[in-house]
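1. I would like to see how this sequence folds:
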Amino acid sequence: MRINIKKLDRLNKEKKDNIKPEEIEASVVIVTYNNTELLLKNLDSLKNQTIKNFEIILIDNNNKIDLYPLLNDYQVIYKKLHKNYGTCLGRNIGIKYAKGDIVIFLDDDAIPANDFVEQHIKAYQLSDIYGLRGKSLPRKLRNIYNYFAGHYDLGEKIIPWYINLEGNSSFKKEILVNIGGFNMGINGSGGHEGIELSYRILKKYNDKNKLLYYPQAVIYHDYSDNFITYINKIIRHNKNNSQLENTSQDIFNLTKEYCLNRNGIQRNSIDFITKLRLMLIKKSAGVIIKIHSNVLKKG
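-> Numbers count the residues shown, from 1 in each chain. Have a look, this model is predicted:
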């Protein structure tokens, strides 16, 4: 799907920032849908970053709620879409508008650390890389579903790694433009789009050491808030997994080629009740996913 920027400008309201283009080193792209409370906390954190030489591009996929009146206290480029185009296409719209040489992607329900933007920029100053993903720490420490997010925190060392935390990732804009951005065949809220993007970047540029896990870039985010959202996420990821495997068997071989000797998530020991709850959640999820798969096959 091609994006007609001129048509988009005619259709939608725009709230521009007042930063001079030559001062912009990075563009932070946020795609949002019906998540006002956390989004405003997100923007509050971006407002108080340790550096100011970046812009914020907010792509609003919700055609029912207008965020424009809520943004008076924030310097953002605001693009209101007339329907929900999904995360991947929304990010690609952000890439089109980005003035920075570095494009940073941030989930609307994540709270960035106060040096979040500075750390992303610093990584590109330290080494010649294509892109990176950062670390995610729990927003709610007692949220049991965060135990299923083993990929959120890969330890304290900078290591070569594929992009599997899209909501805290960044790339050189020229790289994104040259490979055509995110795969717009991945619909809705996404899932595995970072792996697919990493695959195309490495296929074109062929240097696995230039994609990084960079733990100094931190967000606070929960894997899921409840069982229903957890199930929906797993179903969506499984569906996208099958779609991508059908496209190319090599996409998921990429994950096996990276270093496996990494530090896992540092947690306190899990008590018996927590272990039991995790086991029951996983078992229940497995039953529901199996039923869902059987329904799809019959359909």
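
2. flag every buried residue along the host helix or strand of Arg236.
-> Per DSSP states H and E, Arg236 falls inside helix 227-247. By 16 or more other C-beta atoms under 10 Å, the buried positions in helix 227-247 come out as 230-231, 233-236, 239-240, 243-244. For glycine as for every other residue, the C-beta is placed from the backbone atoms N, C-alpha and C.

3. ok now do Leu58, which residues does it touch?
-> By C-beta atoms under 8 Å, 6 or more residues apart in numbering, the contact set of Leu58 is 30, 32, 43, 67, 71, 76-79.

4. for Tyr214, same thing?
-> 119-120, 123, 132-135, 158.

5. in a markdown table: those, plus distance to Gly94 and neighbour count.
-> Putting the contacts of Tyr214 into a markdown table (distance: C-beta to C-beta, whole Å; neighbours: other C-beta atoms under 10 Å) gives the following:
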| residue | distance to Gly94 | neighbour count |
| --- | --- | --- |
| Gln119 | 20 | 21 |
| His120 | 15 | 27 |
| Ala123 | 20 | 20 |
| Leu132 | 17 | 28 |
| Arg133 | 17 | 26 |
| Gly134 | 18 | 28 |
| Lys135 | 22 | 21 |
| Ile158 | 26 | 15 |
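
6. please name the strands paired to the longest strand along the chain in the sheet, noting orientation.
-> Ranked by residue count, the top strand of the chain under DSSP state E comes out as strand 211-220. Strand 211-220 has its sheet partners listed here by DSSP bridges as strand 111-112 (antiparallel), strand 131-137 (parallel), strand 159-160 (antiparallel).

7. CA atoms only for the longest one, dumped as PDB, please.
-> This file holds the C-alpha atoms of strand 131-137, laid out as PDB (Å, rounded to 0.1, in the frame of the first residue of the first chain):
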ATOM      1  CA  GLY A 131      19.600  -0.400  14.100                       C
ATOM      2  CA  LEU A 132      19.100  -1.500  17.700                       C
ATOM      3  CA  ARG A 133      16.600  -2.600  20.200                       C
ATOM      4  CA  GLY A 134      16.600  -1.500  23.900                       C
ATOM      5  CA  LYS A 135      15.500  -3.000  27.200                       C
ATOM      6  CA  SER A 136      12.100  -3.200  28.700                       C
ATOM      7  CA  LEU A 137      11.500  -3.200  32.400                       C
END
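
8. so how far is that strand off the chain centroid?
-> Relative to its parent chain, strand 131-137 has a centroid offset of 9 Å by C-alpha atoms, centre = their mean, to the nearest Å.

9. quick one: mean pLDDT over it.
-> The average pLDDT within strand 131-137 is 97.

10. so what touches that strand?
-> Residues contacting strand 131-137 (C-beta under 8 Å, 6+ apart): 110, 116, 119-120, 123, 149, 152-154, 161, 163-172, 175, 194, 198, 201, 210-221.

11. picking up where we left off before, distance to Asp60 for the strands paired with strand 211-220 - can I get that in a markdown table?
-> Formatted as a markdown table, the strands paired with strand 211-220 follow (distance: least, C-beta to C-beta, whole Å):
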| stretch | distance to Asp60 |
| --- | --- |
| strand 111-112 | 19 |
| strand 131-137 | 23 |
| strand 159-160 | 35 |
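
12. mind checking which of these is nearest Phe182?
-> Ranking the strands paired with strand 211-220 by proximity to Phe182 (C-beta to C-beta) places strand 131-137 first, at 12.1 Å.

13. list of residues touching stretch 84-99?
-> By C-beta under 8 Å, 6+ apart, stretch 84-99 touches 1, 3, 5, 8, 21, 24, 27, 29-31, 33, 55, 57, 59, 61-63, 77, 79, 81, 103, 105, 166, 173, 176-177, 181-184, 186-190, 193.

14. which of those count as buried?
-> Buried among the contacts of stretch 84-99 (16+ other C-beta under 10 Å): 8, 24, 27, 29-31, 33, 55, 57, 59, 61-62, 77, 79, 81, 103, 105, 166, 173, 176, 181-184, 186-187, 189-190, 193.
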